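S.K.: test case, fold it:
(2 chains, ligands or ions: 2)
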Amino acid sequence: MKVDVRTKLLIVAILSLFALIYQDLVVLAGLFLLSIAILLAFRVPLRILGNMKYMLFFYLGLILMQSFFVHSGKPLLRWGDLYLLTTDGVFYGATIFFRFSILALSGLLLVTCPGGDLVLALVKMKVPGEIILMIQIGIRFLPVLKDELQNTLAAIQLRGVDLKKVYKRKVIKVYVSLFSPIIYMIYKKAEKLSILLELRGFRKYEKRTYYRDISFSKFDYFLIGLIIIISSLIIIGAERYR
Amino acid sequence: MSLISLDQVSYTYYGRKEPAVSSVSLQIFKGEKIAITGLNGSGKSTLAKLMLGLLKPQKGQVYLHNCPIEKYPLPEIGRKLGYVSQRPYQMLFNTTVYKEIAFGLKWKGKTRTDTYRLTREYLEYFDLWHLKDELPYNLSEGQKQLVVISAVLVLEPEFLILDEPTKSLDKKRKKHLQSILYNIWSRGTGIILISHDRAFIKDFQGRRVHMVRGEVDCDES
Ligand SMILES: Nc1ncnc2c1ncn2[C@@H]1O[C@H](COP(=O)(O)OP(=O)(O)OP(=O)(O)O)[C@@H](O)[C@H]1O
Ligand SMILES: [Mg+2]
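M.R.: Numbering: from 1, shown residues only, chains lettered A, B, ... in the order given. Ligands and ions are numbered 1, 2, ... in the order given. Reported below is the predicted structural model:
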């Protein structure tokens, strides 16, 4: 069943909002499971999650940092006067872990819809054209930026430079020398893009028509109803729990 | 013993149904001259990227010096195989043409005078010396192509993989390229030339590998 982008946007918005409002570990854990269930229900290819494994180190680092600086709670691991791991540290770390994960996971929901639909949804929600254009170009440019960086890094290494082996100071030099051409290339691309847009008759204030269209189906109304009910339940449940 | 060998290699791009390269087996020997031809989209560039380890095949295995290519770090592959991609601008990352050529030499540990001499030699060969202080990104397409080719040739790799090197070159530069390739080859460097340029391939001579829809259609010496 095809679900309207706006419905998905609503889900993302609510999940993110909850993730930011609630600080309770149990509620956050529940929301985390809910996000995974939603992703599964929408058949988001979970292969994407593979990319998130690097985030795990980040989380682990956060947990350690929390333990370092939060000295309340029972120490689980200490080294002389240094607290390496405390119960509260783990607790806060886990909270942050769930928060970030919910934000990231709910964002993944939008991966399943074509970029064009997202823009269309914004148009229908009467978001000003300039902002839509900025978002649209942003969406289009991120992959370009990533490719550009990867290609350049590969090109540098193919010229025989082992980034792992050169001295720290020199590595920084290589990266710095990387940035100016990449930013220049992006600037040039953006310039070309703006000329192209004008050549094809794109103007900011004109009323545009769209080849694709999005509309709410009965299923969408049903889903939105469901979203409202579930959200209220979460709010009530979280209040109780407190 | 083959330098590069492919064993039943297949590669499908993410989200594609048809494989770009399918069950290709090839033996490429040291010092060999090979021209790879085929229609647009027949998988020539993909094959080149597989040989360089830039793409990992889903099936089959690529070997370099009889060792699986993924065992080599990219810089080591780069020192053995010189690669000029079909999109030369992707391989330019320095702020001047001079630095672009000198970059690899410097990292190779050449002295300042040697770097200067070699860089000048190559830039003069392709009539680019007067552009030495320009931003590579601002050059014309053909000039960019020549800068990338020079930057790769100057490092003297064991083997060259050139993807459409004549694409935007004029007659004179094509001739220059042809003769420098011949010189390099007679000094023992192998060359893979991917091209649509019939005349250039004819003058290039060497083994012909023709690709059709991702498969090697014929392979003759
Ligand atoms: N980055 C990519 N993502 C998805 N598909 C790709 C990508 N690059 C190439 N392809 C597809 O793989 C197939 C082979 O492409 P490839 O670039 O290897 O062809 P080619 O023989 O080099 O063509 P040309 O003569 O035009 O350079 C094509 O069908 C192409 O559409
Ligand atoms: Mg190609």
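S.K.: what's the span of stretch A:44-61, first residue to last?
M.R.: Terminal residues of stretch A:44-61 are spaced 28 Å apart (C-alpha to C-alpha, to the nearest Å).
S.K.: what's the end-to-end length of stretch B:35-47?
M.R.: End-to-end distance for stretch B:35-47, by C-alpha to C-alpha: 13 Å.
S.K.: tell me if that stretch is near ligand 1.
M.R.: Yes. Using C-beta under 6 Å from any ligand atom, stretch B:35-47 reaches ligand 1 at B:38, B:40, B:41, B:42, B:43, B:44, B:45, B:46. All C-beta atoms are positioned from the backbone trio N, CA, C, and that covers glycine.
S.K.: so what's residue 43 up against?
M.R.: You didn't pick a chain, so chain A it is. Shown in contact with residue A:43 (C-beta atoms under 8 Å, 6 or more residues apart in numbering or on different chains): residue A:112.
S.K.: sorry, should have said chain B
M.R.: Residue B:43 is in contact with B:20, B:21, B:22, B:211, B:213, B:214, counting by C-beta under 8 Å, 6+ apart.
S.K.: I'd say the first one and residue B:214 touch.
M.R.: What it means is residue B:20. Yes. Counting by C-beta atoms under 8 Å, residue B:214 is a contact partner of residue B:20 at 5.6 Å.
S.K.: now the helices for chain B?
M.R.: Using DSSP state H, the helices found in chain B span residues B:44-51, B:74-80, B:97-107, B:112-125, B:141-153, B:171-186, B:198-204.
S.K.: give me the contacts around the second one.
M.R.: Right, the one you point to is helix B:74-80. Counting by C-beta under 8 Å, 6+ apart, A:154, A:157-163, B:52-53, B:64-65, B:69, B:155, B:157-159 sit against helix B:74-80.
S.K.: just the buried ones from those residues?
M.R.: Buried members of the contacts of helix B:74-80, counted by 16 or more other C-beta atoms under 10 Å in any protein chain shown: A:154, A:157-162, B:52-53, B:64, B:69, B:155, B:157, B:159.
S.K.: so what's residue B:195 up against?
M.R.: Residues in contact with residue B:195 (C-beta under 8 Å, 6+ apart) are B:35, B:36, B:37, B:162, B:164, B:165, B:166, B:201, B:204.
S.K.: quick one: is the helix or strand of chain B with the lowest mean pLDDT near ligand 1?
M.R.: Least confident helix or strand of chain B, by mean pLDDT, DSSP states H and E, is strand B:215-220 with a mean of 84. No. Counting by C-beta under 6 Å from any ligand atom, ligand 1 has no neighbours in strand B:215-220; the shortest distance is 11.7 Å.
S.K.: need the residue closest to the centroid of chain A.
M.R.: Geometric centre of chain A, nearest residue: residue A:104, 4.5 Å, by C-alpha atoms, centre = their mean.
S.K.: so what's residue 164 closest to, chain neighbours aside?
M.R.: In the absence of a named chain, chain A is used. Nearest residue to residue A:164 in three dimensions, chain neighbours excluded: residue B:73, at 7.4 Å (C-beta to C-beta, 6 or more residues apart in numbering or on different chains).
S.K.: looking at chain B here, not the other one
M.R.: residue B:86 (4.9 Å).
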